[in-house]
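Enquirer: coordinates for the following, if possible.
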Amino acid sequence: MHIAVAGNIGSGKTTLTQMLSKHYKWKAQYESVDDNPYLDDFYNEMQRWSFNLQVYFLNSRFRQIIDIRNGKDDVIQDRTIYEDAYIFAPNLHAMGLMPSRDYDNYMSLFQLMEEFLQPPDLLIYLRATIPTLVNQIQKRGRDYETNIRIDYLNRLNERYEAWIGNYDKGNLLIIDVDSNQFPENPEHLGEIINKIDAKIHGLF
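Expert: Below is the predicted model:
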């Protein structure tokens with residue numbers, strides 16, 4: 001079984017992935033952040049490094065999906081390949097931070113990969129407002145995230161909502177993290193687990 005957690009920067013994807021992995025004994029697949037050779041450069045000079053960064057993420061997540069499908073473990077994945085292609089890359093292009101020829105090249109590569117993809121059995125979307133995202137980003141204090149602008153987060157949120165509003169690839173569970181404080185509140189985490197159980201039992 002393949003479970004995926006989606007959401008904007010600072011929405012709590014990694015934290016929820018860790019918690020659910022521990023609870024269900026699922027194998028966790030995380031986003032390549034610490035060993036990503038482009039992140040620091042990207043946040044300092046987005047236009048120069050946007051294509052490199054997005055191709056790195058595309059490659060990394062495609063490899064993850066191949067490993068998930070070839071393996072025998074139940075896996076929970078922190079962020080999906082669809083977010084790269086439908087949210088981050090088009091947003092960079094729309095902001096003038098990724099040239100059209102790079103964007104077209106990127107999308108051609110993704111569309112080729114998509115022919116070999118199976119979507120997750122369950123997608124968990126963490127919905128959050130900008131104040132919540134900013135608070136979470138500041139709380140974790142990653143150096144390369146100090147330059148993230150509010151308008152950048154807002155644009156991403158708009159694209160996330162548009163994507164989720166049209167998501168038709170499989171089961172979907174939406175969690176409002178403005179009201180559900182699962183990192184600090186065990187009862188709130190329990191509510192998420194109950195909803196996941198209901199969704200999972202509906203898969204079989």
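Enquirer: buried residues, the lengthiest helix in the chain. List them.
Expert: Secondary structure of the chain per DSSP state H: the longest helix is helix 46-70. Across helix 46-70, burial judged by 16 or more other CB atoms under 10 Å covers 46, 49-51, 53-58, 60-62, 64-65, 68. Where C-beta positions appear, they are placed from N, C-alpha and C, glycine not excepted.
Enquirer: next SSE after it?
Expert: Going down the chain from helix 46-70, the next helix or strand is strand 75-78, by DSSP states H and E.
Enquirer: ok, residues contacting the following helix or strand past that next one?
Expert: Downstream of strand 75-78, the next assigned helix or strand under DSSP H and E is helix 81-83. For helix 81-83, the external contacting residues (CB atoms under 8 Å, 6 or more residues apart in numbering) are 6, 58, 61, 62, 65, 110, 113, 117, 119, 160, 163, 169.
Enquirer: and the gap between the spatially closest residue to the first one that is not a sequence neighbour and residue 46?
Expert: Meaning residue 6. Nearest residue to residue 6, sequence neighbours excluded (CB to CB, 6 or more residues apart in numbering): residue 125, at 5.0 Å. Going from residue 125 to residue 46 by CB to CB, to the nearest Å gives 25 Å.
Enquirer: same check on residue 183?
Expert: Applying CB to CB, the value for residue 183 to residue 46 is 29 Å.
Enquirer: report pLDDT for the residue nearest the centre of the chain.
Expert: What sits nearest the mean C-alpha location of the chain, by CA atoms, centre = their mean, is residue 79, with 2.7 Å. For residue 79, the pLDDT comes out at 93.
Enquirer: next, give phi and psi for it.
Expert: Backbone torsions of residue 79, given as degrees, to the nearest 10, read phi 70, psi 150.
Enquirer: and the strands in this protein, which stretches?
Expert: 2-7, 27-29, 75-78, 122-127, 171-176 (DSSP state E).
Enquirer: Throw those into a markdown table and include mean neighbour count and distance to residue 18, thanks.
Expert: Formatted as a markdown table, the strands of the chain follow (neighbours: other CB atoms under 10 Å; distance: least, CB to CB, whole Å):
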| stretch | mean neighbour count | distance to residue 18 |
| --- | --- | --- |
| strand 2-7 | 26 | 10 |
| strand 27-29 | 19 | 7 |
| strand 75-78 | 24 | 9 |
| strand 122-127 | 22 | 13 |
| strand 171-176 | 16 | 15 |
